[in-house]
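Enquirer: Generate a structure from the sequence data that follows.
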Amino acid sequence: MSARVWRLVVDGPCDGAWNMAVDRAIQSAREAGRVPPTLRIYRWRIPTVTLGAFQPVTAVDAAACRAWGVDVVRRHTGGRGVLHDDEVTYSVVAGVDDGVPRGVVASYRYLCAGLVEAFRELGVAAEVTERDRGASKSQACYLQTTRADLSAGALKLSGSAQVWTGSTVLQHGSFTRTRDDRREAAVFALSTDEREVLAATTATIAGLAHAGVGLDAIAQAVAVGFARGLGVRLEPADLTDEEMDTARRGIEALRLDA
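Expert: Okay, here's the model as predicted:
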């Protein structure tokens with residue numbers, strides 16, 4: 001049996017609201033059956049916090065965001081705030097007809113197979129986190145570890161967030177090369193104890209693999225990992241005109257004035 005064919009969209013550094021609007025536009029197009037299942041790999045023009053769909057803007061310190069040059073945008077998926085900077089971000093949009101099982105836990109498990117293989121391609125042994133742990137009251141995603149995350153031993157390595165529309169899921173998450181703990185602590189107004197926890201319980205690709213790994217190499221590993229982990233064949237393609245138009249119409253609603 002031949003492998004399912006998925007579309008691969010690779011974008012360079014983009015505005016944060018645009019990145020989130022594009023992910024949602026792809027989901028709308030896939031749910032309507034107008035585009036194939038899609039793996040998108042992208043980056044960020046400037047450091048950007050994405051707040052979960054139901055998080056208040058007060059989850060971040062507005063003055064600190066301005067001082068550190070950090071943009072703040074809304075994403076359509078749930079979860080807590082994530083500071084995106086020196087990383088490669090992925091999004092997967094696929095449906096039940098594409099082999100994704102229904103249900104949050106089952107679909108996370110299925111899609112995380114691609115993440116595990118991507119990290120393996122980078123020389124990092126990652127596994128799906130078996131139980132929730134961490135600072136439950138914090139607004140920062142990386143201070144809470146859930147069964148939707150990947151860990152390297154006891155260290156949180158990568159988080160993912162999801163939203164379903166009909167029979168189609170959008171999941172996106174980060175492959176973090178390095179983390180600026182000082183900026184993250186300032187943006188989320190972390191206490192001294194929370195800063196120590198952040199430093200002690202999270203990991204980066206540069207810290208676990210080798211410091212010289214580049215973003216292009218990470219992006220390539222993400223593509224290889226998803227193809228291998230999900231047993232699909234990726235064909236590079238661009239966004240459709242419809243997806244671009246949908247993203248343009250939705251972008252302003254995602255910009256937040258922190």
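Enquirer: quick one: contacts for residue 69?
Expert: For residue 69, the contacting residues are 46, 47, by Cβ atoms under 8 Å, 6 or more residues apart in numbering. For glycine as for every other residue, the C-beta is placed from the backbone atoms N, C-alpha and C.
Enquirer: Sorry, wrong one. I was asking about residue 98.
Expert: 4, 6, 37.
Enquirer: With residue 74 as the reference, measure out to the first one.
Expert: Think residue 4. Shown here: residue 4 relative to residue 74, a distance of 32 Å by Cβ to Cβ, to the nearest Å.
Enquirer: Settle it for me: which of the two has more neighbours?
Expert: Relative neighbour count places residue 74 above the other of residue 4 and residue 74, with 20 against 14, counting by other Cβ atoms under 10 Å.
Enquirer: quick one, phi/psi of the closest residue to residue 74 other than its chain neighbours?
Expert: The shortest distance from residue 74 to any residue that is not its chain neighbour, by Cβ to Cβ, 6 or more residues apart in numbering, is 4.7 Å, and that residue is residue 254. In this entry, residue 254 is assigned phi and psi values of phi -100, psi -10 (degrees, to the nearest 10).
Enquirer: Likewise for residue 153?
Expert: For residue 153, the backbone dihedrals (degrees, to the nearest 10) come out as phi 70, psi -130.
Enquirer: try residue 204
Expert: Dihedral angles phi and psi of residue 204 (degrees, to the nearest 10) take the values phi -130, psi 160.
Enquirer: Check what pLDDT it gets.
Expert: Predicted confidence (pLDDT) at residue 204: the value is 93.
Enquirer: what's the burial count for it?
Expert: Residues contacting residue 204 under the criterion other Cβ under 10 Å number 21.
Enquirer: residue ranges for the helices of this protein, please.
Expert: Residue ranges of the helices in the chain, as given by DSSP state H, are 16-31, 62-67, 104-121, 181-187, 192-201, 205-208, 215-230, 241-250.
Enquirer: what's the shortest one in contact with?
Expert: In this case it means helix 205-208. Contacts made with helix 205-208 from outside it, assessed by Cβ under 8 Å, 6+ apart, are listed as 119, 122, 123, 124, 152, 157, 175, 176, 177, 178, 213, 218.
Enquirer: I'd like to know how far the first one sits from residue 225.
Expert: Computed with Cβ to Cβ, the distance linking residue 119 and residue 225 is 7 Å.
Enquirer: Repeat that for the second one.
Expert: Separation of residue 122 from residue 225 (Cβ to Cβ) stands at 8 Å.
Enquirer: ok, now the fourth one?
Expert: Counting by Cβ to Cβ, the separation of residue 124 from residue 225 is 11 Å.
Enquirer: Where does pLDDT dip in this structure?
Expert: Low-confidence segments of the chain, defined by pLDDT under 70, span residues 1, 130-148, 258.
Enquirer: tell me the centre residue of it?
Expert: Averaging the C-alpha coordinates of the chain gives a centre point, and the residue nearest to it by Cα atoms, centre = their mean is residue 173 (1.5 Å).
Enquirer: Could you pull up the residues touching it?
Expert: Residue 173 sits next to 89, 90, 115, 158, 159, 160, 161 when contact means Cβ under 8 Å, 6+ apart.
Enquirer: any idea what sits nearest it, other than its immediate chain neighbours?
Expert: Once chain neighbours are set aside, the closest to residue 173 by Cβ to Cβ, 6+ apart is residue 160, at 3.6 Å.
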